[in-house]
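# Please find the sequence and the predicted model below.
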Amino acid sequence: MVDRLNDKPCEQTGLRCPDCYKGMIDKWDIHSFKYGTGDSAIDISVRVPMKYCAECDLSFLEEEGEVLAHEALCRSLGVLSPRQIRDIREKLHMSREEFAKTTGFGEATLGRWERGEGIQSYANDRYLRILQQPNGFNLVDSVHRERL
């Protein structure tokens, strides 16, 4: 089977279509979606791996496609992606609990940001960016220790 968009062979998967029970194929394609509501909604388009049914045209994203779509949304909004947020914490060699206690973020909120289940506000995004800077975390940590 050939991907008509890219003139490349499509990879047959072992999955069966949940609608017609025929075989599914893997194909990289452009995924477009809206974020927001009304006049403030924005259109996002990103190239992602998708599953397609060759028989009935059903298509859907799996985890890798969802991650790439969320990263594209974060880029469009100008905020850090889940991977970038996790990288800040991991470079400091801190558990999520330790990082939350020091920064004042809720541990559950931090987990949602790192898993891509929510997007931080612009204010929280700026705070995270300060933590990325040399001595940024040390400044926050010293304020935290003063309060103890």
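Good, I have the coordinates.

# any idea how far G78 lies from G38?
From G78 across to G38, the span is 20 Å (CB to CB, to the nearest Å). C-beta coordinates here come from the backbone N, C-alpha and C atoms, glycine included.

# Y127 now?
Distance, Y127 to G38, by CB to CB: 28 Å.

# Neighbour count: those two, which is higher?
Applying other CB atoms under 10 Å to Y127 and G38 shows that Y127 carries more neighbours, namely 16 against 5.

# Can you spell out which helices and strands pack onto the helix or strand hosting the more buried one?
Counting by DSSP states H and E, the element that carries Y127 is helix 122-132. Judged by 3 or more CB pairs under 8 Å, 6 or more residues apart in numbering; DSSP states H and E, the packing partners of helix 122-132 are helix 82-91, helix 136-147.

# ranking those helices by burial, who's on top?
With neighbours defined as mean count of other CB atoms under 10 Å, these peak in mean count at helix 82-91, which reaches a mean of 17.

# Helices of the chain, residue ranges please.
63-77, 82-91, 96-103, 107-115, 122-132, 136-147 (DSSP state H).

# what about the closest residue in space to L139 that isn't next to it in sequence, how many neighbours?
Excluding the flanking residues, the one nearest L139 by CB to CB, 6 or more residues apart in numbering is I130, at 7.8 Å. A count of nearby residues for I130, using other CB under 10 Å, gives 13.

# residues contacting I130?
136, 139-140 (CB atoms under 8 Å, 6 or more residues apart in numbering).

# what does I44 give?
Shown in contact with I44 (CB under 8 Å, 6+ apart): 32-35, 69, 72-73, 76.

# For it, give its distance to G106.
27 Å.

# same thing with S76?
For S76, the distance to G106 - CB to CB - is 25 Å.

# R126 now?
Distance from R126 to G106, counting by CB to CB: 18 Å.

# before we move on, the earlier item: tell me the pLDDT of the residue nearest to L139.
In this model, I130 is scored at 91, pLDDT.

# ditto for L92
Taking L92 on its own, its pLDDT is 90.

# In contact with the closest residue to it other than its chain neighbours, which residues are there?
Using CB to CB, 6+ apart and skipping the chain neighbours, the partner closest in space to L92 is F137 (5.9 Å). F137 makes contacts with 92, 102, 131, as judged by CB under 8 Å, 6+ apart.
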